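In: prediction below, plus the sequence it came from.
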Amino acid sequence: MAPVLTIRNLRKAYGETVILHDVNIEIEEGDFLVLVGPSGCGKSTLLNCIAGLEPITGGSVAIGGREMTKAPPKDRDIAMVFQSYALYPTMTVAKNITFGMKVRGVDSATQKRKLEEVARQLQISQLLDRKPGQLSGGQRQRVAMGRALVREPKLFLFDEPLSNLDAKLRVEMRTEIKRLHQDLGASMVYVTHDQIEAMTLATKIVVMKGGVIQQIGAPSEIYNRPANMFVADFMGSPAMNLIPATVENGQVAIAREGDEPILIDLPGGASLPRDVVLGLRPEDIVEPGARSGAHVVPARCKVEVVEPAGADTYVVSRLGGAAVTARLSAETQARAGQPLDVAFDLGKASFFEPQTGARLN
Amino acid sequence: MSDLSGYTPERTDWGRFALRWGLFVILGLFALWYLAPLFVMLTTSVKTLEEIRTGSLIALPREITFEPWAKAWSQACSGITCEGLRPYFFNSILLAVPSVAISTVIGALNGYVIAQWRFRGADTIFALLLFGCFIPFQVVLLPMAKMLGLLGLAGTIPGLMLVHVVYGIGFTTLFFRNFYVTIPADLLKAAKVDGAGFLRIFVSIFLPLSVPIVVVSIIWQFTQIWNDFLFGVSFSSAGSQPVTVALNNIVNSTTGVKEYNVDMAAAIIAALPTLLVYVVAGKYFIRGLTAGSVKG
Ligand SMILES: Nc1ncnc2c1ncn2[C@@H]1O[C@H](COP(=O)(O)OP(=O)(O)OP(=O)(O)O)[C@@H](O)[C@H]1O
Ligand SMILES: [Mg+2]
């Protein structure tokens, strides 16, 4: 089967300013693609290009195997949920949802049936006669989803649909969107700058920065094998520790304040340049004895800050001149200003080139 | 009244009281100042000529007569004909209603295109239209006369209509454009994704939002066109004169005695429609002028 969306060498510029550089993305039927990146990196612009709301400067877009580079939005078989929801303010919820069908000339019996179906699915049946102005943020969000769902498109486009909701509602809707995706088996492109949303929803993540794709991959791949220091730092919370280190005689040396450097045997005997940046997730710094193996190295660090966070406690110390966070259990004995014994698990360690930030292993 | 503990109640109350009444007095004086001419006009228009000659200008009428009103409406002489204001009043309606409608519709479409569809050069075109608002009437008189002549519309109501529509588009476009730029671009995008086209989006989504600004445009254009004298006197002929020109002719007609009561009645009749528009739509006018400053 043809891929649902194929983007080849897409370029987008406003005059002289290039917003998107050479974007290549392909997604299959049922994929949940999440576009993440910091504010202003071009996520919305890319989504608008896919929707046909912005003309592209170069490259091509195909949807469902059909060339769509120049097609208007209505011919692309897409539906879109906007960050601002963009509900039609003078129409009732019902009219908002059926407007697209009305425009396309769907007969009114079908309109009614689909409206009821979607309203039930999203639990907004009791709101159908209200105007958008009379709805709460969460309700508006559902109506915006409803407007997209009735379309039953080949591809859903979501532009930060949850960013206007409060934290609790956001988590609820996140789950609901995930369920919707599973139930419908629909293909989606979902924009967010919330990396937790990205990790939980995606089957495939695209990390962008400054209009350039940094990495495309499954969430676990992005998390465990970030392609560069930007991705490593951006994905995951707390962020991956990026510790300057030197490699000598098959050993990694990490400078420690007022103590000998920590020496760790390189896992797998990889060949690395002298100066590297060691990337280590906070959960890979553990209590001694919690994990075993050749790649687990005990070390003593001076604790700078202790941040209890419910189930976990984050313990910050300083290694190689950088703040390093360990995710320890809530029972940890760590005290600020005191030394603490921990173990470094280098099984999933990443190594980066300090200048370019590119992954080395 | 909110209770502001921490203030000395008596002093605040006194200050507030004095301020409020001071304000009322000043506003009242202004109101009187503006209403005085209207008062004189109204009272004079229902006095007999005899009373006007003998009585004082600001005295109330001793006996009320509507004779001057009737005369102003249907018998007063302007120049050579003596048909009163009536035919010219209907000329003005015939002129104003379509002109207002056409210039408002064109302004709305212009504003919609300039603010929402953002084609190349939109800003330049808007700037030029805006510039049109500041061109004084007198400047366009000769070119306009020439053009009306070329079009064969000189001295006709459609010709005058064209003048007013052309002159009004700058203003109506300004109103609608400023209103539509406050509407987020996502609305247009959502409608495009829903498959609606240029006109469909305008009619189904933008027009229903535009009630306040439509009212502003109607009031503005109606007052301009109804009250216009210069274009009316320049581009009309005997049969197509608007009411303002006829009023001038009645008041300035030199035959016979000067009938102040008829003149006053005629002036009030000529001003009534604009008054009516304000009374009916005034509150929308205020709302429309401030629309967009508050997020909806
Ligand atoms: N019409 C435009 N003309 C010029 N530059 C634009 C235009 N629209 C967007 N940009 C620029 O393109 C860049 C990307 O914008 P975009 O809206 O795609 O960012 P984003 O990744 O969606 O950010 P956010 O997370 O804040 O929504 C920004 O630097 C923005 O200033
Ligand atoms: Mg955005």
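Out: Done, it's in. Ligands and ions are numbered 1, 2, ... in the order given.

In: what's the burial count for A:Met91?
Out: Using other CB atoms under 10 Å in any protein chain shown, A:Met91 has 17 neighbouring residues. C-betas here are computed from N, CA, C, even on glycine.

In: that one is in what secondary structure piece?
Out: A:Met91 is part of no helix or strand when elements are defined by DSSP states H and E.

In: which ones are touching the closest residue to it other than its chain neighbours?
Out: Spatial nearest neighbour of A:Met91, chain neighbours left out: A:Phe99 (6.6 Å); criterion: CB to CB, 6 or more residues apart in numbering or on different chains. Listed by CB atoms under 8 Å, 6 or more residues apart in numbering or on different chains, the contact partners of A:Phe99 are A:88, A:91, A:147, B:191, B:194, B:196, B:204.

In: what about A:Phe99, which helix or strand?
Out: helix A:93-103.

In: correct me, but B:Ile213 touches B:Phe176?
Out: Yes: using CB atoms under 8 Å, B:Ile213 is in contact with B:Phe176, at 5.9 Å.

In: who does the worst-scoring helix or strand of chain A on mean pLDDT pair with, and is each partner parallel or antiparallel?
Out: Lowest on mean pLDDT, DSSP states H and E among the helices and strands of chain A sits strand A:262-265, with a mean of 83. Sheet pairing for strand A:262-265, assigned by DSSP bridges, gives strand A:251-254 (antiparallel).

In: and the contacts of the partner strand?
Out: A:243, A:245-247, A:261-266, A:276, A:278, A:319-320, A:346.

In: 6 Å instead?
Out: Contacting residues not belonging to strand A:251-254 are listed as A:243, A:245-246, A:261-266, A:319-320 [CB atoms under 6 Å, 6 or more residues apart in numbering or on different chains].

In: now do the helices in chain A.
Out: A:43-51, A:93-103, A:108-122, A:137-149, A:167-184, A:195-201, A:219-224, A:229-234 (DSSP state H).

In: so what touches stretch A:306-315?
Out: Stretch A:306-315 has contacts (CB under 6 Å, 6+ apart) with A:303, A:325-328, A:330, A:332, A:334, A:336.

In: flag every buried residue along it.
Out: Of the residues in stretch A:306-315, A:306, A:312-315 count as buried by neighbour count, 16 or more other CB atoms under 10 Å in any protein chain shown.

In: same deal with stretch B:249-256?
Out: Within stretch B:249-256, the residues scored as buried using 16+ other CB under 10 Å are B:249-251, B:253.

In: rewinding a little: redo the helices of chain A as JSON lines? Include distance to B:Tyr278 and mean pLDDT.
Out: What follows is the helices of chain A, written out as JSON lines (distance: least, CB to CB, whole Å; pLDDT from 0 to 100):
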{"stretch": "helix A:43-51", "distance to B:Tyr278": "45", "mean pLDDT": "96"}
{"stretch": "helix A:93-103", "distance to B:Tyr278": "34", "mean pLDDT": "96"}
{"stretch": "helix A:108-122", "distance to B:Tyr278": "43", "mean pLDDT": "94"}
{"stretch": "helix A:137-149", "distance to B:Tyr278": "37", "mean pLDDT": "93"}
{"stretch": "helix A:167-184", "distance to B:Tyr278": "47", "mean pLDDT": "90"}
{"stretch": "helix A:195-201", "distance to B:Tyr278": "54", "mean pLDDT": "91"}
{"stretch": "helix A:219-224", "distance to B:Tyr278": "64", "mean pLDDT": "95"}
{"stretch": "helix A:229-234", "distance to B:Tyr278": "59", "mean pLDDT": "95"}
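
In: can you list those helices in JSON lines and add distance to ligand 1?
Out: Written out in JSON lines, the entries for these read as follows (distance: least, CB to the nearest ligand atom, whole Å):
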{"stretch": "helix A:43-51", "distance to ligand 1": "3"}
{"stretch": "helix A:93-103", "distance to ligand 1": "23"}
{"stretch": "helix A:108-122", "distance to ligand 1": "24"}
{"stretch": "helix A:137-149", "distance to ligand 1": "16"}
{"stretch": "helix A:167-184", "distance to ligand 1": "15"}
{"stretch": "helix A:195-201", "distance to ligand 1": "12"}
{"stretch": "helix A:219-224", "distance to ligand 1": "18"}
{"stretch": "helix A:229-234", "distance to ligand 1": "13"}
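
In: the longest strand seen in chain A pairs with which strands?
Out: When chain A is parsed with DSSP state E, its longest strand is strand A:296-309. For strand A:296-309, the paired strands and their directions (DSSP bridges) read strand A:312-319 (antiparallel), strand A:339-345 (antiparallel).

In: that strand - what's its average pLDDT?
Out: In this model, strand A:296-309 has a mean pLDDT of 90.

In: could I have it exported to PDB, CA atoms only?
Out: These are the backbone C-alpha positions of strand A:296-309, laid out as PDB (Å, rounded to 0.1, in the frame of the first residue of the first chain):
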ATOM      1  CA  VAL A 296      27.900  -0.500  35.900                       C
ATOM      2  CA  VAL A 297      30.500   1.600  37.700                       C
ATOM      3  CA  PRO A 298      30.300   2.800  41.200                       C
ATOM      4  CA  ALA A 299      31.300   6.300  42.100                       C
ATOM      5  CA  ARG A 300      31.000   8.900  44.800                       C
ATOM      6  CA  CYS A 301      29.600  12.300  44.000                       C
ATOM      7  CA  LYS A 302      29.000  15.400  46.000                       C
ATOM      8  CA  VAL A 303      25.400  16.300  46.100                       C
ATOM      9  CA  GLU A 304      24.400  19.900  45.300                       C
ATOM     10  CA  VAL A 305      20.700  19.900  45.300                       C
ATOM     11  CA  VAL A 306      18.000  17.300  46.200                       C
ATOM     12  CA  GLU A 307      14.600  17.700  44.500                       C
ATOM     13  CA  PRO A 308      11.900  15.300  45.700                       C
ATOM     14  CA  ALA A 309       9.300  14.800  43.000                       C
END
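
In: how close does B:Met41 sit to B:Ala59?
Out: Distance of B:Met41 to B:Ala59, given as CB to CB, to the nearest Å: 14 Å.

In: so between these two, which is more surrounded?
Out: B:Met41 (17 against 13).

In: surely B:Ala196 and A:Gly105 touch.
Out: No: contact between B:Ala196 and A:Gly105 fails when scored by CB atoms under 6 Å: they sit 11.9 Å apart.

In: between the two, which one's more packed in?
Out: Set B:Ala196 next to A:Gly105 and count neighbours by other CB under 10 Å: B:Ala196 wins out with 23 against 7.

In: burial count for A:Gly210?
Out: For A:Gly210, the count of nearby residues is 15 (other CB under 10 Å).

In: show me what contacts it?
Out: Residues in contact with A:Gly210 (CB under 6 Å, 6+ apart) are A:Cys41.

In: confidence score at it?
Out: pLDDT recorded at A:Gly210 is 95.

In: then B:Gly292?
Out: The per-residue pLDDT reported for B:Gly292 equals 45.

In: give me the spatial nearest neighbour of B:Gln116, chain neighbours excluded.
Out: In space, and not counting its chain neighbours, B:Gln116 is closest to B:Leu188: 5.1 Å by CB to CB, 6+ apart.

In: thought that neighbour was touching B:Arg118?
Out: No: counting by CB under 6 Å, B:Leu188 sits too far from B:Arg118 to count as a contact (9.5 Å).

In: who's more crowded, these two?
Out: For B:Leu188 and B:Arg118, the more surrounded residue by other CB under 10 Å is B:Leu188, and the numbers stand at 23 against 12.

In: tell me the spacing between the more buried one and B:Leu29.
Out: Noted for B:Leu188: a distance of 50 Å to B:Leu29, by CB to CB.

In: and residue 125, how many neighbours?
Out: If you meant another chain, say so; for now it's chain A. Per other CB under 10 Å, the neighbour tally for A:Ser125 reads 14.

In: my bad, chain B
Out: A count of neighbours around B:Ile125, defined by other CB under 10 Å, yields 14.

In: what do you get for B:Phe179?
Out: By the measure other CB under 10 Å, the count of residues near B:Phe179 is 24.

In: am I right that it is in a helix?
Out: Yes: counting by DSSP: H, G, I helix; E, B strand; the rest coil, one finds B:Phe179 located in a helix.

In: give the ChimeraX command for selecting the buried subset of the contacts of A:Phe99.
Out: Here is the ChimeraX command that selects the buried residues among the contacts of A:Phe99 (16+ other CB under 10 Å):
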select /A:88,91,147 /B:191,194,196,204
